[in-house]
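**Q** make a model of this:
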Amino acid sequence: MGKKDGLITKGRYELKFRGVECLNCGHPLDISDKYCPNCSQANSTKKLTIKDFIDEFFSGLINYDSKLLKTLSALLLRPGRISKDYVNGKRVSYTNPFRFLLSLAFLYFLMFTYNSHFDDWDQAAKDFDSTIYNGSPFKFNTESGGIEVDSTIYKKQSESTQMTLDSLKRINPNISVGLQHLDSIKNGDPKLSAKLGNLDSLGVFIKDIEQSQQKKDSFMNADPSGYFKTLEAKSGIDAFSKKAEFFGLYIKKDTLYNFEQAQTLYNIQETTTNKMAFNFSNSVWKVVSEPGTWVNETISKLPFVIFFFMPVFTVFIWLVYIRKNYTYTDHLIFSFHNQSLLFILLILSLTLDTIFDINSSGIFLLIFAFYLYKAMRKFYGQGRFKTIVKYIFLNTVFMILAFFTIIVTFAGSGLTY
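**A** Below you'll find the model as predicted:
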């Protein structure tokens, strides 16, 4: 029994609670087995108590903390070393690189959105009156995405301008002489006459736009169903944009929440194009009316976007180092470790900026740039010149891919919001 005594441990792992068959998978066990070699469940027949749960919780927590501290230490102090260890099989001492990156990304974007106050944008959108600037006759239509002319403001401004000009003529007669002189120059110079004629035609052009808009609006307001039927006869991008404009107007006017409501109110056919036009207008309207909420929601998806972006970028690393004896997964582990370090630095930067009201992101990005170079040299073991060339190429590819990924992410989020 002398040998067996050494196997005794405390709690539910004591020798007297050992079994000869795993309670989870039925695999045969020896009395010396503390865990099942098949499924890793503890070899214990003892009934669980609250104390057992508490002991296991703190044991797991301490074990994870130990892994976390070793991972952080290796990442911060030994560029490229942790990836080399992980690829060479030394994995138990470190946290899973994929789970670690996802956790850091969630933490960073949570802190970022908390400090950015995007919710204030929603209130700003409510206060926005859709005019480009106060008193302008031109308005941006948030439903159609086009420029419209406010005839009332345009008429008032034209009258005001004429009154100002008349008063100036009475105060200073020389102005009238100057205007007459301008007319004589205009008559004597065909080029100048043409340019001034273009200015005169601007008013006619604006008036034509105004009349066309009023005619369309009157028809749309008098008979929405009839107006939409005229759009059904059209096809292509023009028809889609007109339908989207129609839905955008009535989503706001009649507070439509779904396509079925639009069908009932305006007798619209259930077609793929009509549904797409409604969903497009509904998404755009939500983004315009709640920009802060939309940005927050889109940012919350970025950790998953990054998680799927890195495997695409890793393809280029694999191509650049194709002669090295590394698999695609090895390159992916290296990428995830470096990206994790970037998020650690960004979290530190954001923390310092919040506490001391400074902007330290540039310094931390420079630190990461140097760190990445050292990590590439350590992990791949190549000379300075080759590493620098590949470093510049891969970072250029990364920036291009990241730019398009962000554009696609925000565009996709806006169109499906």
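**Q** quick one, what contacts residue 17?
**A** 44, 45, 46 (C-beta atoms under 8 Å, 6 or more residues apart in numbering). (Each C-beta comes from the backbone N, C-alpha and C, glycine too.)
**Q** where does pLDDT dip in this protein?
**A** 1-11, 52-65, 122, 125-223, 254 (pLDDT under 70).
**Q** where along it do the strands fall?
**A** 138-140, 147-149 (DSSP state E).
**Q** so how far is residue 273 from residue 243?
**A** Residue 243 is 7 Å from residue 273, where distance means C-beta to C-beta, to the nearest Å.
**Q** next one: residue 350
**A** 45 Å.
**Q** check residue 318 too.
**A** Distance from residue 318 to residue 273, by C-beta to C-beta: 42 Å.
**Q** so which of those two has more stuff around it?
**A** More neighbours surround residue 318 than the other of residue 318 and residue 273, with 18 against 14 (other C-beta atoms under 10 Å).
**Q** isn't that one up against residue 324?
**A** No: Residue 318 is beyond contact range of residue 324, at 9.2 Å (criterion: C-beta atoms under 8 Å).
**Q** in PyMOL, select just the buried ones from the contacts of residue 17.
**A** Buried subset of the contacts of residue 17, written as a PyMOL selection, criterion 16 or more other C-beta atoms under 10 Å:
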select buried, resi 44
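**Q** closest to residue 404 among the contacts of residue 17?
**A** residue 44 (53.8 Å; C-beta to C-beta).
**Q** residue contacts, that closest one?
**A** Contacts of residue 44 (C-beta under 8 Å, 6+ apart): 12, 13, 17, 18, 19.
**Q** of those, which is the most crowded?
**A** residue 18 (20 neighbours).
**Q** list phi and psi for that residue.
**A** phi -70, psi 150 (degrees, to the nearest 10).
**Q** could you do residue 22 as well?
**A** Dihedral angles for residue 22 - degrees, to the nearest 10 - are phi -70, psi 130.
**Q** that one contacts residue 29, doesn't it?
**A** Yes: counting by C-beta under 8 Å, residue 22 touches residue 29, with 5.8 Å between them.
**Q** overlap of the contact sets of the two?
**A** Joint contacts of residue 22 and residue 29 (C-beta under 8 Å, 6+ apart) are 36, 43.
**Q** buried ones in stretch 407-417?
**A** For stretch 407-417, by 16+ other C-beta under 10 Å, it's 409, 410, 413, 414, 417.
**Q** for the third one, which non-adjacent residue is closest in space?
**A** Put plainly, it is residue 413. residue 298 (4.2 Å; C-beta to C-beta, 6 or more residues apart in numbering).
**Q** what about the one you found, neighbour count?
**A** Count around residue 298 with other C-beta under 10 Å applied: 19.
**Q** which residues are in contact with residue 352?
**A** Residue 352 touches 358, 360, counting by C-beta under 8 Å, 6+ apart.
**Q** which residues in the stretch 201-350 of the chain form helices?
**A** 224-232, 236-253, 259-266, 272-289, 291-320, 328-356 (DSSP state H, counting those that start in this stretch).
**Q** what about the contacts of residue 17, which are in helices?
**A** Judged by DSSP state H, these include no members of helices.
**Q** pick the one among the contacts of residue 17 closest to residue 82.
**A** residue 44 (34.4 Å).
**Q** state the distance from the closest one to residue 30.
**A** 14 Å.
**Q** before we move on, back to that, quick check, nearest of the contacts of residue 17 to residue 108?
**A** Nearest to residue 108 among these, with distances taken as C-beta to C-beta, is residue 44, at 40.3 Å.
**Q** list phi and psi for that closest one.
**A** phi -150, psi 130.
**Q** how is the protein divided into domains?
**A** Residue ranges for the domains of the chain, per automatic domain parsing: 1-46, 71-118+292-415.
**Q** among the ones you listed, which is the most enclosed?
**A** Comparing these by mean neighbour count (mean count of other C-beta atoms under 10 Å), domain 71-118+292-415 comes out on top with a mean of 16.
**Q** quick one: residues contacting residue 21.
**A** 27, 28, 29.
**Q** what's the nearest residue to the second one if we skip its chain neighbours?
**A** So the one you mean is residue 28. That would be residue 21: by C-beta to C-beta, 6+ apart, it lies 6.1 Å from residue 28.
**Q** ok, residue 234 touching residue 240?
**A** No: in this structure, residue 234 is not within contact of residue 240 by C-beta under 8 Å, at 9.0 Å.
**Q** those two: who's more crowded?
**A** Between residue 234 and residue 240, counting by other C-beta under 10 Å, residue 240 is the more crowded of the two (17 against 12).
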